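**Student:** fold the stuff below for me.
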Amino acid sequence: MIFPRTLHPRIRHSLRKFNRPGHNFARRAWLIAALLLLTSLSGAVAAVASAPDAARQITGRLPNATVFVFLDLNENGTKTPTEPGIGDVTVILQDENGTIIDTRVTDNDGTIGFPDRIVDVESDYFMVVTVPEGYTNTSPTSVQIEPSEDGSVVIEFGLKLLAHELYVPTVARD
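**Tutor:** Purely as a prediction, here's the structure:
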């Protein structure tokens, strides 16, 4: 009988020793069952050992992202050279589950930079602007970012001031 090389040498030797003629059949059957069990276990151990390789995340890079948060004077959702930036606005990088990866605040000119980073390419990633009080959005407040090998991306978030109702008190006359 040929025994697999994956078995420990001592186990292989013991099985050869008990597989000789003259040994009782029940003992031989038990050893063959043990051999099958050990062979299946060694296969399971090999499968477990290779499992981390199979479950390893496929990684890629999120590109450098330059974000502009601007006062959208013409309310078209696209930044023009005459539209000023809005400072102190929070922009969040998060994954598809809402897990926050990075949070930054815009400079006085409304710009902010997010450096590239290694991420799991199986997930989706989003830049989300937190609309400050007194503003409303003129463009989507969330933009999906795709992992790529290299490059950069420019993201623009347009905001407009809310129209405040003018309160004019009335004066009662006697």
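**Student:** how many neighbours does the nearest residue to residue 75 once chain neighbours are set aside have?
**Tutor:** Once its chain neighbours are removed from consideration, residue 75 has its nearest residue in residue 138; the separation is 4.9 Å (C-beta to C-beta, 6 or more residues apart in numbering). (Each C-beta comes from the backbone N, C-alpha and C, glycine too.) Neighbour count for residue 138, taken as other C-beta atoms under 10 Å: 18.
**Student:** residues near residue 158, how many?
**Tutor:** Neighbourhood size, residue 158 [other C-beta under 10 Å]: 26.
**Student:** for it, give me the pLDDT.
**Tutor:** Per-residue confidence (pLDDT) for residue 158: 95.
**Student:** okay, now the sheet partners of the host helix or strand of it, with direction.
**Tutor:** Residue 158 belongs to strand 152-161 when assigned by DSSP states H and E. Sheet partners assigned to strand 152-161 using DSSP bridges are listed as strand 64-71 (parallel), strand 135-137 (antiparallel).
**Student:** which stretches of this structure form helices?
**Tutor:** Shown for the chain, the helices assigned by DSSP state H span residues 9-18, 25-55.
**Student:** for residue 146, what are its contacts?
**Tutor:** If a contact means C-beta atoms under 8 Å, 6 or more residues apart in numbering, then residue 146 has residue 125 as its contacts.
**Student:** what is the burial count for residue 157?
**Tutor:** The burial count assigned to residue 157 is 28, neighbours taken as other C-beta under 10 Å.
**Student:** repeat for residue 162
**Tutor:** By other C-beta under 10 Å, 10 other residues sit near residue 162.
**Student:** you'd agree it is up against residue 134?
**Tutor:** Yes: when contacts are counted by C-beta atoms under 8 Å, residue 162 is listed as touching residue 134 (5.7 Å).
**Student:** what does stretch 133-142 contact?
**Tutor:** Residues from elsewhere that reach stretch 133-142 (C-beta under 8 Å, 6+ apart): 72, 75-78, 86, 126-129, 131, 156-162.
**Student:** same check on stretch 65-85?
**Tutor:** Outside of stretch 65-85, the residues within contact range by C-beta under 8 Å, 6+ apart are 86, 89, 91, 93, 104, 106-114, 127, 129, 138-139, 145, 152-161.
**Student:** are any of those buried, and if so which?
**Tutor:** 86, 89, 91, 93, 104, 106, 110, 112, 114, 127, 129, 138-139, 145, 153, 155-160 (16 or more other C-beta atoms under 10 Å).
**Student:** tell me the spacing between residue 87 and residue 62.
**Tutor:** Computed as C-beta to C-beta, to the nearest Å, the residue 87 to residue 62 distance reads 24 Å.
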